[in-house]
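*Asks:* sequence first, then the predicted structure, then my questions.
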4 protein chains.
Amino acid sequence: MTLGIGLIGTGFMGKAHALAWRNARAVLGTVPEVRLELLCDTPADKATGFASQFGFARSTDDWRALVTDPQVDIVSITTPNRFHKEMALAALAAGKHVWCEKPMGLTLADGEAMAAAAAASGKTTMVGYNYIRNPAFRHAQKLVEAGRIGRLVHVRGIVDEDYQADPDLAWTWRARLEEAGLGTLGDLGCHLVSMLTGLCGPIESLVADMQTVHTTRPLPDGSGRGAVENEDTATALLRFASGVHGSLSTSRSAWGRKNRLGFELHGTKGMLVFDQERMNELQLYVNEGPKAEQGFRTILSGPEHGVYGAFCPAPGHQVGFNDLKVIEAAELLTAITTGTRPHPDFAAALEFEKVIHGIAESARTGQRVVLG
Amino acid sequence: MTLGIGLIGTGFMGKAHALAWRNARAVLGTVPEVRLELLCDTPADKATGFASQFGFARSTDDWRALVTDPQVDIVSITTPNRFHKEMALAALAAGKHVWCEKPMGLTLADGEAMAAAAAASGKTTMVGYNYIRNPAFRHAQKLVEAGRIGRLVHVRGIVDEDYQADPDLAWTWRARLEEAGLGTLGDLGCHLVSMLTGLCGPIESLVADMQTVHTTRPLPDGSGRGAVENEDTATALLRFASGVHGSLSTSRSAWGRKNRLGFELHGTKGMLVFDQERMNELQLYVNEGPKAEQGFRTILSGPEHGVYGAFCPAPGHQVGFNDLKVIEAAELLTAITTGTRPHPDFAAALEFEKVIHGIAESARTGQRVVLG
Amino acid sequence: MTLGIGLIGTGFMGKAHALAWRNARAVLGTVPEVRLELLCDTPADKATGFASQFGFARSTDDWRALVTDPQVDIVSITTPNRFHKEMALAALAAGKHVWCEKPMGLTLADGEAMAAAAAASGKTTMVGYNYIRNPAFRHAQKLVEAGRIGRLVHVRGIVDEDYQADPDLAWTWRARLEEAGLGTLGDLGCHLVSMLTGLCGPIESLVADMQTVHTTRPLPDGSGRGAVENEDTATALLRFASGVHGSLSTSRSAWGRKNRLGFELHGTKGMLVFDQERMNELQLYVNEGPKAEQGFRTILSGPEHGVYGAFCPAPGHQVGFNDLKVIEAAELLTAITTGTRPHPDFAAALEFEKVIHGIAESARTGQRVVLG
Amino acid sequence: MTLGIGLIGTGFMGKAHALAWRNARAVLGTVPEVRLELLCDTPADKATGFASQFGFARSTDDWRALVTDPQVDIVSITTPNRFHKEMALAALAAGKHVWCEKPMGLTLADGEAMAAAAAASGKTTMVGYNYIRNPAFRHAQKLVEAGRIGRLVHVRGIVDEDYQADPDLAWTWRARLEEAGLGTLGDLGCHLVSMLTGLCGPIESLVADMQTVHTTRPLPDGSGRGAVENEDTATALLRFASGVHGSLSTSRSAWGRKNRLGFELHGTKGMLVFDQERMNELQLYVNEGPKAEQGFRTILSGPEHGVYGAFCPAPGHQVGFNDLKVIEAAELLTAITTGTRPHPDFAAALEFEKVIHGIAESARTGQRVVLG
């Protein structure tokens, strides 16, 4: 019996989920077939149009109908963040598996409620941290685990984009705490947390600073300027339980950066450097061989790296952004069919939320925040 | 009425075609739906397995049955080069549209026969030149057409991989002229020709040199060494009808290069530089603004570039190799439904074959070869 | 009447000063001639040998004789840090101008004493912050001042090397607070402070963290392991008086980094990025022109940038490390002959010392440190 | 007894020679002291001014007086190319050692006359090929000699600048064959020849093409347009005596390129890549270790590479363009004092001239040119 998919949302992430569901088995082979059962968006004709384009059997403009639909086994939630909690809770209550986009919600309480509901439900949950699916990133993890760069000692992460860099952009709901929650920390920062903790383990405590670069923006109706309530940039000093020290910095107002999500990971024997804007490359330096020949090497992703070979048997040919979502969908399917926990499920993703909300708290209070 | 797809082959390119057919409409939206009708490979159970994985309705181990199947409207040919001509001719004879992987065949005569059959058939044909679908490349073409770098004067292209770099690799049929035809020119060089002529127009004449780096290879059965009959590298001096001069160089024995397909295009006002190993980047230099601020700029692919936005609305998030095939499939579908000619159809692709075979001829004779 | 030079030290920085004195006028033209009068090192024959090599007229093994020598007008101090204060004070007391390498001393009190002595002396002083002499850096400052990237909002700086990365390196005096003072902050961090404040103005307050990666090292006599008392890494959250927020991070244990001194400077209209390991390049992104053509441009240093043209009239030919010291010497000479203050004199350099010692203090206490 | 230097010319290369003479011993230590004896330029007061700036004892506006001056032992010739032969012959006739800038002259006959005169004189001669002095390039040679990339099979070299890219630049004597000789081949191409033959040995034969991009230029007096008689671009297919095949391409009209002198060197075990615009970096790929970790490594120049350590004991701190000339001067001095031949002396440099004139000849005749 195949699994039925219900997808809520058809925007950036909605389309990415749709393509992921269409391709997981075709690419990876080892995962079960799914049925694209039901697509939800509003208004109804938009849902109908996208159902046809994406290949879903049916459409609806009522997400509550979707999460309770008997043909739906897995619910993909790709709506604005403020709807995540309600939808996820309803889907879990209806006995569905849930794949929810990040961040979990607007507040830490949202995330806690979702993790609690997931635990109570016994269903499989996953939050959409696509960048940690990248074969290049997975290879970095593998090198770390194999001790290739020695004991980890220091890490620096950044994640920047420029979608809020323009001072003349109009005010939107994204600027409101109540509607959008955190700013760059929720949009971008949590991705970086998923990577850094995936390399160095849990964060123990942190001290942070935040900044709203553009404190007001022109209201779209021309009636004046509206306040920007959430942060444009955030930076934190991190201490990991493993003893690693480091930093994390994020900005949504960084001109020229389009998806600059990267890290430098310092070990006692070498260093790893990664930048998502060149997502098919991994930089490795190891203190071995003649000094005169040492240097950072640029490793191009290829079949030796994770599931890259399922996309292409030739190295250097490159996977793209949507391919990351395909891997993610496949991992969820594998978890469901094998009864294991995908990473990150709601419980694990809650730890990421604790970090970004901890950063915001430390920035507000000026005090060190201890996690865990 | 939807179009039915028949796919021959399930390897590197077979899978790429399968994914392209699955995704063309889901991604691009504006193209018609297709039915994944029939998949062919040998032995039969391999075909069955891949039909299940790729989502084809039926499978067969008889390609002749496929090309004459009444439910099949378009035939994708992704088999080794030596089968291209026979399959394409049979498919055209059966009244099918044909999407054939490059190069067209082993000899120039193969290509000529295919182009003639295509012209006689009235069906739509296309050869699989995926790299020219890249939004970054299309943007380069657009900049050229807009005169952004002035009158074109010089171009240098290279395309290198290292799949034949290892001296200890065993001898295979790829080393035989009769079975494989040209070496690096057929595998890689023709892609570069598709790009250079897409930027500078047709090539008028050329002078070339070739080299077989590893002249023998160990026979797989351990019985000695077999001769390598085709070229590992080829380089040509090019003169374009437009007056542009330039060069083309290719190697399948270039250690470290995985998909190094790129060009430098020199104009009287600026320069464009591209490298497929960073396929989401385009380098542009323009002689404008203060000298103190001039420099090559790295443009990251985004929604402003061709159909990138159909894959992802956010810049810098990157399309991958398989996405190029999705664009290619969509272009073929559009051509079929609008009655236009896709690029390159068999006639246009024959011009690329003339160039690579002209290079081989010039290298053999030491004489300038005039094309056209 | 020409100025007489006395140089103490013949190591890395000693040689750099010697070459700078030899070349300042030959390169820049506009500065006065100097006499290479007296060179000091121990033992005496080492001083004699280097005096011959570097072209100094006389040599000595007694630095006190040098600083009081009547033929010496300017004293270059390039000895280990723990000697800086005593030598600088003696030279100033003897009525000499002083060019002292960074950092000023082991403690903040050292720097304060030196700044006080400089103020009392009326002589010209300068501390050896060579990286801010780089034409590429000066051009970055010029672009900032011209508003080319708008209002500055955020900055991130790093400075890394790997000279203490190897866990097996023997213990030396550099590990002792009493002999070496700060670790990476004194060696590397202060350079970064000179750059960041040169771009964003004075730092108002900071919060910081430090780490000793290798807490003990093998004693050179094989008798066991000695404690490393100073920091291998340090990271700080910075707030500038101008309102810019940012961070600074430094490590002397960062494998693969040889002189990784760089910054990202975020403005409301654009971004500037620099890395000393590619010291002849400056990266600039400006939000102007068509979106489809925006990208970071790599500006190669050339005659349009500061005094580059004095070294070479052709762009892209590159200045090197020693050339920075030539510019520095010329700036000191110009200041002396025009009666102006070079940057940074002891008073200005003391501000840099306050930052690095403030970082160390914050890291020890866990509290925000407010700078004067 | 020290050697006396006579320098003719004070422009780009004149200054570079002056600085080289000032610094050779101070930097390298192991070479003899020189006296900056006599500087020649016209008019006389220009010579006087630069003699003071560069530290020469005397000046003259009569180059014949310089080459016969009894205090002068070595003559540096840095004048426009059309004067090289006459000055070099006169200096050799006067019993001087000669360091002459490249190319040797306007015609192959010029070079032959100079090589013959050098051979007859018994004096030491050298032609100014500075780029082959680069520690990074020397290290590339060393790696090749050690077999680090296996048997050499293919090489591609380019050398581009953009000083003649602007269509609106006024006509000058550089456009005249009689006054300037070759175009980009003489200015830039011969440097590339010095590198490629330094890696792969002598070139046996070649086939080439040339192009004048801007065939006329506005006359400076506004009276119309003057013809450009020499080439803006040249490209050649090369066959080396060693069996290596390859190509060479050069342009003086390549927008954005400031000193783009580089090569890709393909061996049976690896590849080396170099670009003078990042002259302190060498890229090395070697087929060894796990496939998953292979990649081009960027080696930053450091004390392990040639004489880098004489400039700076710390890696990654970078030598600059003028430092190359310092190494060159030191090599000439060492050759003179040890009675050995520096590379390239007039005889060796004549081989480079044969290549560039051979390229021009092949381009004119359309025939393969076999070199002696």
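*Replies:* That came through, no problem.
*Asks:* so which bits of chain A are right by chain D?
*Replies:* A:139, A:143, A:148, A:284, A:290-300, A:302, A:304-305 (CB under 8 Å from any CB of the partner chain). C-betas here are computed from N, CA, C, even on glycine.
*Asks:* over to the residue sitting nearest the centre point of chain A: give its phi and psi.
*Replies:* By CA atoms, centre = their mean, chain A has its centre lying nearest to A:Y129, at 2.7 Å. Here is the backbone geometry of A:Y129 (degrees, to the nearest 10): phi -90, psi 80.
*Asks:* what about the residue lying closest to it once chain neighbours are set aside, how many residues nearby?
*Replies:* Spatial nearest neighbour of A:Y129, excluding adjacent residues (CB to CB, 6 or more residues apart in numbering or on different chains): A:S194 at 4.2 Å. The local packing of A:S194 (other CB atoms under 10 Å in any protein chain shown) involves 26 other residues.
*Asks:* A:S194 touches A:R133, doesn't it?
*Replies:* No. Contact between A:S194 and A:R133 fails when scored by CB atoms under 8 Å: they sit 10.2 Å apart.
*Asks:* on that earlier part again, check contacts around the residue nearest to A:Y129.
*Replies:* Neighbour list for A:S194: A:K102, A:Y129, A:Y131, A:I132, A:P344, A:F352 [criterion: CB atoms under 8 Å, 6 or more residues apart in numbering or on different chains].
*Asks:* with A:L192 instead?
*Replies:* Here A:L192 is in contact with A:G157, A:I158, A:V159, A:L248, A:T250, A:L261, A:F263 (criterion: CB under 8 Å, 6+ apart).
*Asks:* mind doing that once more with 10 Å?
*Replies:* Counting by CB atoms under 10 Å, 6 or more residues apart in numbering or on different chains, A:L192 touches A:131, A:157-160, A:185, A:248-250, A:261-263, A:276, A:352, A:355-356.
*Asks:* past the helix ranked longest in chain A, which element shows up next along the chain?
*Replies:* For chain A, the longest helix by residue count, based on DSSP state H, is helix A:346-365. Next helix or strand after helix A:346-365 toward the C-terminus (DSSP states H and E): strand A:369-370.
*Asks:* now that following strand: average pLDDT?
*Replies:* The average pLDDT for strand A:369-370 rounds to 98.
*Asks:* packing partners of that strand?
*Replies:* The contact analysis (3 or more CB pairs under 10 Å, 6 or more residues apart in numbering or on different chains; DSSP states H and E) places strand A:369-370 against strand A:203-211, helix A:346-365.
*Asks:* quick one: closest of the ones you listed to D:F50.
*Replies:* Closest of the helices and strands packed on strand A:369-370 to D:F50 is strand A:203-211, at 53.1 Å (criterion: CB to CB).
*Asks:* export that closest one as CSV, just CAs?
*Replies:* Taking Å, rounded to 0.1, in the frame of the first residue of the first chain, the C-alpha atoms of strand A:203-211 are listed here in CSV:
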residue,chain,number,x,y,z
ILE,A,203,25.3,24.2,22.2
GLU,A,204,25.6,24.6,26.0
SER,A,205,25.5,28.4,26.3
LEU,A,206,25.8,31.6,24.4
VAL,A,207,26.1,35.4,24.5
ALA,A,208,24.5,37.4,21.7
ASP,A,209,23.8,40.7,20.1
MET,A,210,21.1,41.8,17.6
GLN,A,211,20.5,44.7,15.4
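*Asks:* how about the residues of the stretch 251-372 of chain A near chain B?
*Replies:* Proximity of the stretch 251-372 of chain A to chain B (CB under 10 Å from any CB of the partner chain) is limited to residues A:256-261, A:276-281, A:297-298, A:300-302, A:310-324, A:326.
*Asks:* pull out the buried members of those.
*Replies:* For these, a neighbour count by 16 or more other CB atoms under 10 Å in any protein chain shown gives the buried set as A:256-261, A:276-281, A:297-298, A:300-302, A:310-312, A:314-324, A:326.
*Asks:* do stretch A:244-257 and chain C meet?
*Replies:* Yes. Counting by CB under 10 Å from any CB, chain C is contacted by stretch A:244-257 at A:V244, A:H245, A:G246, A:S247, A:L248, A:S249, A:S251, A:S253, A:A254, A:W255, A:G256, A:R257.
*Asks:* can you check the pLDDT for the residue nearest to A:Y129?
*Replies:* Looking at A:S194, its pLDDT is 98.
*Asks:* please apply the same query to A:L199.
*Replies:* On the pLDDT scale, A:L199 gets 98.
*Asks:* the one 10 residues further on too?
*Replies:* Here the pLDDT value assigned to A:D209 is 98.
*Asks:* same deal with A:W173?
*Replies:* If you check A:W173, the pLDDT there is 89.
*Asks:* same deal with A:M1?
*Replies:* Looking at A:M1, its pLDDT reads 70.
*Asks:* wait, doesn't it sit right on A:V34?
*Replies:* No. Here A:M1 does not reach A:V34: they are 11.0 Å apart, not a contact under CB atoms under 10 Å.
*Asks:* among these two, which residue is more densely surrounded?
*Replies:* Using other CB under 10 Å, the more surrounded residue of A:M1 and A:V34 is A:V34, with 18 against 7.
*Asks:* just checking, the more buried one touches A:T2?
*Replies:* Yes. Counting by CB under 10 Å, A:V34 does reach A:T2; the two are 5.9 Å apart.
*Asks:* shared neighbours, the two?
*Replies:* A:R25, A:D73.
*Asks:* could you list the domains of chain A?
*Replies:* If you go by automatic domain parsing, the domain ranges for chain A are A:2-130, A:134-317+A:346-370.
*Asks:* dump the ones you listed to a markdown table, plus distance to B:P70.
*Replies:* Formatted as a markdown table, the domains of chain A follow (distance: least, CB to CB, whole Å):
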| stretch | distance to B:P70 |
| --- | --- |
| domain A:2-130 | 24 |
| domain A:134-317+A:346-370 | 33 |
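*Asks:* figure out which of the ones you listed is closest to D:G29.
*Replies:* The nearest among those, by CB to CB, is domain A:134-317+A:346-370 at 21.5 Å.
*Asks:* so what would you say the end-to-end distance of the closest one is?
*Replies:* 30 Å (CA to CA, to the nearest Å).
*Asks:* same question, stretch A:82-101
*Replies:* 11 Å.
*Asks:* again, but for stretch A:62-78
*Replies:* 14 Å.
*Asks:* what do you get for stretch A:306-325?
*Replies:* 15 Å.
*Asks:* go on, stretch A:168-183?
*Replies:* 18 Å.
*Asks:* cool, stretch A:156-174 as well?
*Replies:* Note: stretch A:156-174 ends 27 Å apart using CA to CA.
*Asks:* quick one, phi/psi of A:A91?
*Replies:* phi -70, psi -40.
*Asks:* brain fart, A:A90
*Replies:* Main-chain dihedrals, A:A90, degrees, to the nearest 10: phi -70, psi -40.
*Asks:* which residues does A:P103 contact?
*Replies:* Taking CB under 10 Å, 6+ apart as the test, what A:P103 contacts is A:81, A:84, A:110-111, A:127-129, A:181-182, A:185-187, A:189-191, A:193, A:349, A:352-353, A:356-357.
*Asks:* show me the helices in chain A, by range?
*Replies:* Using DSSP H, helices in chain A cover A:12-28, A:44-54, A:63-68, A:84-93, A:108-121, A:135-145, A:177-180, A:184, A:190-200, A:308-311, A:321-338, A:346-365.
*Asks:* tell me, which of the ones you listed is the model least confident about?
*Replies:* When I compare the helices of chain A, helix A:177-180 is least confident, with a mean of 90.
*Asks:* got the CA positions of that helix in PDB?
*Replies:* Coordinates of each C-alpha in helix A:177-180 appear next as PDB, following Å, rounded to 0.1, in the frame of the first residue of the first chain:
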ATOM      1  CA  LEU A 177       6.900  40.000  15.900                       C
ATOM      2  CA  GLU A 178       3.300  38.700  16.300                       C
ATOM      3  CA  GLU A 179       3.000  37.600  12.700                       C
ATOM      4  CA  ALA A 180       6.500  36.700  11.800                       C
END
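*Asks:* what residues does that helix touch?
*Replies:* Residues contacting helix A:177-180 (CB under 10 Å, 6+ apart): A:80-82, A:106-107, A:172-174, A:183, A:186-187, A:228-230.
*Asks:* I'm done for today, thanks for sticking with me.
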